[in-house]
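> Just the structure for this:
(chains A and B)
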Amino acid sequence: MIIRGGIVYDPANGIFGEEMDLCIDGGRIVEDAKGEVIDARGLLVMPGGVDAHTHIAGKKMNTGRIMRPDDARLGTELRSGVCRPSTGYTVPNCYAIGYRYARMGYTTAFEAATPIIEARHTHEELEEIPILDKGALTLFGNNWEVMECVHDKDIAKLAAYVAWGLRAARGYGIKIVNPGGGEAWGFGSNVKGLYDPVPNFDVTPAEIIHALAEANEMLRLPHSIHLHFNNLGKPGNYTTALETLEALEDIKPSRMRQAVHVTHMQFSAYGGTSWRDFESKASIIADYLNKHNHATMDMGQLLFGAATTMTADAPLEYGNARLTHNKWSNHDIELEESSGVVPMVYSRKMLVNAVQWAIGLELALLTEDPWKVLMTTDSPNGSPFVNYPEVITLLMSKPKRDSEMATLHGELSKRTSLGCIERELDWSEIAIMTRAAPARILGLEDKGHLGLGADGDVSIYNLSPHEVDASQEHATVKKALAAAKYTIKSGTVVCKDGKILATPRGKTYWVDAVAAQADMDRLMVDLQDKFERYYSVQMSNYAVQDVYVTNPRVVKAGLGAGPLKEAA
Amino acid sequence: MRNIIVAPLAPIRISVEAEILSPDIFAPLSMEQICGLDVWQGNRKRKISDLFRVVGDEGQVRPEETALRLEGDFSRVKRIAEGMTAGTVDVIGSAGMHAGNNMKGGKLSILGNADDWLGREMRGGSIAVEGNAGNYAGAGYRGEKCGMRGGEIEIRGNAGAYLGEHLCGGDIRVAGNAGDFPGAANQGGTIFIGGSTHLPGAEMTKGTIIVNGKAKVLPGYQKLEIVTIGGEKYQKYAGDLVENGKGELFIRTGSS
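Alright, predicted model coming up:
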């Protein structure tokens, strides 16, 4: 396949809006190819989109679907052509997830939170999501074995457990959600800060996070730890965010990447002492990131309208349920986690929601280096992923932000600095925040760029980047981004003019890390005891079998894995 | 007024989804265009003229100048007058499920019976049924937090269970009896029941329910004073205290 004459943005390879041809053969970018010619003259061409943090599969997604038949009605699309029926808006069915990402030019999406014991369910759903390449991060932050290793300061055994857990879950990396808080929630409480001990385990969240970061680097995992802070969603929590980031400054990354990825930072950049004097502290967080290089983040942008909050942070969800009087779900997941789901509507009339909306944008605009901040909505927590074009146009257009702000609470300008920010992102920066950076942050070598040998994932939009002024013509830009002219996945046109033409099966990434055998042996003694005494399943039935991951892409890591090819 | 008459060509045995039977859809179209509209029957797409005889005045008008008359048995035709904003729809017979759902204005009258989900989630306008209504009249559909928010539903016969579930506003009047749990989770609407019912106002937080016949009252209700409404004496209750509710329930004295 040859893509002719597109205006290509491939920041990872230093290409910023140059007219060039692209060739794809055997599913990869190559020097020269024959066959189908795609006319992209003058159009915006980028690598396929990569979403490094989204909720698309697993038990809490399904809980959301079950408790929200009202949501299912919002996104009904009949079966047509190669597409199976779609339902849902904030919690769509598996098919809809694949089609809707592909329509926007996205080809890769990573599920952000799976407890090991529920990983089989996650993979069953990932298998049913068409088109996309996927992976799932594995939860470790409230795990009994983890906390015991941390208590014993036994990082080697912890690394062995992480390696074992990733293999058992067919998981991609370490996700940490409100470390210690989920366990405390089992006893009806929460941890209130980084140094608040977890009941019964005599460890603090700070120790859990630091130890998991050390284990992550000991195993040389492709991704860093992926962290959802303590005290998330609470006024005044920016101090927890800064404290946590400072506590990780001494972590030395084992690869060319960050030492910690902070997810949905918007929910952790809050000032004030209550919802009444709630205000943005985004500028302080952005300032910290501008001065330090060990951390990256994603926005977790909030948009007005319907959302479904779903997280392993169960005490937070309990709070949400009390606040909204809405229906809710809460789970205790054996020795590993807790979780919750609560439907939400973010309202323009609510000052708090307006401030939250502004904080996400401030974070992205005040952080100077686009490689440090990813565009996400923490779908469907801040807004479902189908609204990414809205977020991108807000980032690219000051007039659009101003006209939105004019419709919001008058007090907003006193609580945030968004109105004073002149910056408008350009296509290079957008390509970084939605393609190149998420791939580099996840450690996906073949994604997010268009260099030779990269995956043949390309999105082409019906837009001339040199002619359209994204600042003024934001409506045109949004329309173009919502329905890609072409989405090409591994060299196959999967979407043309927003219509799905093919639904090839995507790959599932997981990390097979090797730990020292002696540590693994010591770990097994612990685990055998845990399975005998506490778990509801046998150890032999616990791990995800290969039959559940039919198209795997195994990334090797750990001891003896040899030097790893760095991401572009 | 532009009058349009729709009548089944033959008795309808397999359900038809006919959300297009609404003044808003018909008003701007010519008769030829109307006859070409699609409906789903079971899993098959059909032309409206395959199933119905459609006759009426030509001329493109506004919805408020449109009168739709549905003659015959429409009890297997669903979603009549869905989302209508103006004009009138008269069903000379019975109507199927979801009649008048999401209605915002205008008038829907049904000479026979209405099936389940009559006027669910309606916002405005009025519905009158001469016969009985099925379950969930004026309710919210599965998972929905708000049912009817405005407008009026009048049922001259009996109503089924869950009348006005999740009601957020508007008025519902039933001349006959209502089934179990009328006004469940009522958040601000008014329900009048001429006959008897069972367990009204479960989880009601706001709004009013008046029952003229017999009714078993839930234990979450606090018995208050006797009041007089329209010359009749009623026992007043407040609740549902399970939800710390501020709803009002009136049962005519001597009947419960």
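
> where does the stretch 51-200 of chain B come near chain A, residue by residue?
When proximity is defined as Cβ under 8 Å from any Cβ of the partner chain, the stretch 51-200 of chain B approaches chain A at B:G140, B:Y141, B:R142, B:G143, B:E144, B:K145. C-beta coordinates here come from the backbone N, C-alpha and C atoms, glycine included.

> List buried residues within the residues you listed.
Using 16 or more other Cβ atoms under 10 Å in any protein chain shown as the burial test, these include B:G140, B:Y141, B:E144, B:K145 as buried.

> Which member of these is positioned nearest chain A?
Distance to chain A across these (Cβ to the nearest Cβ) is lowest for B:E144, with 4.5 Å.

> Pretty sure the closest one sits against A:A72.
No. In this structure B:E144 lies outside contact range of A:A72 using Cβ atoms under 8 Å: 11.2 Å.

> what secondary structure does A:A437 sit in?
helix (DSSP: H, G, I helix; E, B strand; the rest coil).

> burial count for it?
26 (other Cβ atoms under 10 Å in any protein chain shown).

> That one: what's its closest spatial neighbour, skipping adjacent residues?
Nearest residue to A:A437, sequence neighbours excluded (Cβ to Cβ, 6 or more residues apart in numbering or on different chains): A:W371, at 4.8 Å.

> Low-confidence regions, the chain specifically.
Chain wasn't specified; assuming chain A. Scanning chain A for pLDDT under 70 picks out A:560-568.

> meant chain B, my bad for not saying
Scanning chain B for pLDDT under 70 picks out the ranges B:255-256.

> Looking from chain A, tell me which residue of it is nearest.
For chain B, Cβ to the nearest Cβ, closest residue to chain A: B:G143, 3.5 Å.

> ok so, going back, output the buried ones among the residues of the stretch 51-200 of chain B next to chain A in CSV; the columns should cover secondary structure.
Listed next are those as CSV, based on three-state DSSP:
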residue, secondary structure
B:G140, coil
B:Y141, coil
B:E144, coil
B:K145, coil
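
> what's the closest of the residues you listed to A:S403?
Nearest to A:S403 among these, counting by Cβ to Cβ, is B:K145 at 30.4 Å.

> pretty sure that closest one contacts A:D70?
Yes. Counting by Cβ under 8 Å, A:D70 is a contact partner of B:K145 at 7.5 Å.

> before we move on, which element is A:L316 in?
If you go by DSSP states H and E, A:L316 is part of helix A:314-324.

> Pull out the buried residues from that helix.
The neighbour-count check on helix A:314-324 (16+ other Cβ under 10 Å) flags A:A314, A:P315, A:L316, A:E317, A:Y318, A:G319, A:N320, A:A321 as buried.

> Show me what from the stretch 201-350 of chain A comes close to chain B.
Checking the stretch 201-350 of chain A against chain B by Cβ under 8 Å from any Cβ, the hits are A:N326, A:K327.

> change it to 10 Å
A:T324, A:H325, A:N326, A:K327, A:P343, A:V345 (Cβ under 10 Å from any Cβ of the partner chain).

> which non-adjacent residue is nearest the fourth one?
Right, A:K327. Nearest to A:K327 is A:M67, by Cβ to Cβ, 6+ apart, at 5.8 Å.

> Return the residues in contact with that neighbour.
Applying Cβ atoms under 10 Å, 6 or more residues apart in numbering or on different chains, we find A:M67 in contact with A:V91, A:T308, A:N326, A:K327, A:W328, A:S329, A:V341, A:V342, A:P343, B:G143.

> The residues you listed in strands, which ones?
A:T308, A:S329, A:V341, A:V342, A:P343 (DSSP state E).

> Can you report how many residues lie near the second one?
By the criterion of other Cβ under 10 Å, A:S329 has 18 neighbours.

> Burial check on B:N102, number of neighbours?
Look at B:N102: counted by other Cβ under 10 Å, it has 18 neighbours.

> my bad, should have said B:K214
Count around B:K214 with other Cβ under 10 Å applied: 15.

> That one against B:G195, yeah?
Yes. Using Cβ atoms under 10 Å, B:K214 is in contact with B:G195, at 8.4 Å.

> quick one: contacts for the closest residue to chain B within the stretch 251-400 of chain A?
When scored by Cβ to the nearest Cβ, the stretch 251-400 of chain A has A:N326 as its residue closest to chain B, at 7.1 Å. Each residue near A:N326 by Cβ under 10 Å, 6+ apart is listed here: A:M67, A:T309, A:N320, A:V342, A:P343, A:M344, A:V345, B:K145.

> Any chance of TSV for the residues you listed, columns distance to A:L289?
Shown next, in TSV, are the contacts of A:N326 (distance: Cβ to Cβ, whole Å):
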residue	distance to A:L289
A:M67	36
A:T309	25
A:N320	27
A:V342	29
A:P343	32
A:M344	27
A:V345	31
B:K145	39
